[in-house]
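Participant: need a structure here:
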Amino acid sequence: MTGRSTTLGNFPGRYTEYLDRFTREVGDVKFGEFGQYAGRAIRMLSFEEFTQTCTEYEELLTRYQDSLERGDTVDDLMLKLMREQCANLVLPPPRL
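Facilitator: Okay, the predicted model is just below:
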């Protein structure tokens with residue numbers, strides 16, 4: 001990883017924020033059930049699923065930002081994966 005600060009390192013706190021965001025944006029859904037967010041069907045994640053998804057999202061975002069800094073070409077698959085991870089975390093997509 002690069003020298004960027006970890007924005008998702010406090011998983012218990014971030015999970016509480018996720019649950020609040022999920023309820024506010026998606027509705028009152030039970031764990032494992034699906035709701036709609038940003039035109040996608042997303043499932044409410046358990047804490048373990050959330051920590052894994054956060055870690056994957058953070059790594060993907062870091063690779064994306066590093067690619068931009070180097071001037072690399074970013075393919076559509078990376079953008080699609082980032083949008084999917086954002087939806088899964090009930091986050092707006094980053095400015096691309």
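
Participant: for Tyr37, phi and psi?
Facilitator: Main-chain dihedrals, Tyr37, degrees, to the nearest 10: phi -150, psi 130.

Participant: Then Asp72?
Facilitator: In terms of degrees, to the nearest 10, the main-chain angles of Asp72 are phi -70, psi 160.

Participant: Can you tell me how far it is from Met78?
Facilitator: Asp72 sits 10 Å away from Met78, taking C-beta to C-beta, to the nearest Å as the criterion. C-beta here means a position set from N, CA and C on the backbone, and glycine is covered the same way.

Participant: out of the two, which sits in the more crowded spot?
Facilitator: In terms of neighbours (other C-beta atoms under 10 Å), Met78 is the more surrounded of Asp72 and Met78; the figures are 14 against 11.

Participant: so which helix or strand takes in the more buried one?
Facilitator: Counting by DSSP states H and E, the element that carries Met78 is helix 76-88.

Participant: what's that helix in contact with?
Facilitator: Under the criterion C-beta atoms under 8 Å, 6 or more residues apart in numbering, residues 37-38, 40, 42-43, 45, 53, 56-57, 60-61, 63-64, 67, 92-94, 96 lie in contact with helix 76-88.
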